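K.L.:
Okay, here's the prediction I keep looking at, along with the sequence it came from:
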Amino acid sequence: MVSRGFSHVGLSTLDLDATRAFYEGVLGFKAVRCDIMEVAEGGRIRHVFFDIGNGQMLAFMEPSGIKGMPVEYDTGINRGLGVPDVFYHFAFDAESEEALLAKRAELLAKGVKVSRVIDHEGWVQSIYFKDPNGLLLEYAWQNRELDAADAEMQVRIRFSTRMRSPVTDFRSE
């Protein structure tokens, strides 16, 4: 079987309405499948799939009134695990440098706090921001083809954990 990428990534939200407003209204992803799953023992789950392009989707589930399920939990993944925001994040493809800059300007115009453009050691440039669930999101533009040297494990970055990360240094301008 040949891999064609992923079908969807499943995530959780405690506020599907805010999540849907963000992914549709801010990012422009269309909701393509919406379900309510009723739990026989009581409660329900609202489930929405967003088309993010190339046949791939993001899905969010919002539980409500399900026995044994916490009412509150950290949907941002990283905080609940006690790891830096960059450990678990989702990157969307920006097809060009111009598209990356345009997406940053668009997000800022919609009131989203966005990082500056980060150059990742000369192979990809990115911007970072968060969704209403606290998930770290990224738009990335790969500015060159990767080669054999890129696949060799080596030290390419040094940083201090005491320094503020440029990835999560969000700006409103």
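P.N.:
All right, it came through fine. All of these numbers come straight from a predicted model, not from anything done at the bench.
K.L.:
If you count residues, where's the longest helix of this protein?
P.N.:
If you go by DSSP state H, the chain has its longest helix at helix 97-109.
K.L.:
quick one: average pLDDT of the helix or strand just after that one?
P.N.:
For helix 97-109, the following helix or strand on the C-terminal side (DSSP states H and E) is strand 118-120. Mean pLDDT, strand 118-120: 93.
K.L.:
And the next helix or strand past the lowest-mean-pLDDT helix or strand in the chain?
P.N.:
Within the chain, no helix or strand scores below helix 78-81, which has a mean of 90 by mean pLDDT, DSSP states H and E. Per DSSP H and E, the first helix or strand lying C-terminal to helix 78-81 is strand 89-93.
K.L.:
if we can go back for a sec, buried residues in the longest helix of the chain, which are they?
P.N.:
Across helix 97-109, burial judged by 16 or more other CB atoms under 10 Å covers 100-101, 103-104, 107-108. The way it works is simple: take the backbone N, C-alpha and C, and place the C-beta from them, glycine included.
K.L.:
So which other helices or strands are in contact with that helix?
P.N.:
Counting contacts by 3 or more CB pairs under 8 Å, 6 or more residues apart in numbering; DSSP states H and E, helix 97-109 packs against strand 124-130, strand 136-142.
K.L.:
which ones are touching the closest residue to D15 other than its chain neighbours?
P.N.:
Distance criterion CB to CB, 6 or more residues apart in numbering; nearest residue to D15, sequence neighbours excluded, is P132 at 6.5 Å. Contacts for P132 (CB atoms under 8 Å, 6 or more residues apart in numbering) come out as 13, 15, 18-19, 21-22.
K.L.:
quick one: buried residues of the least confident helix or strand of the chain?
P.N.:
N78.
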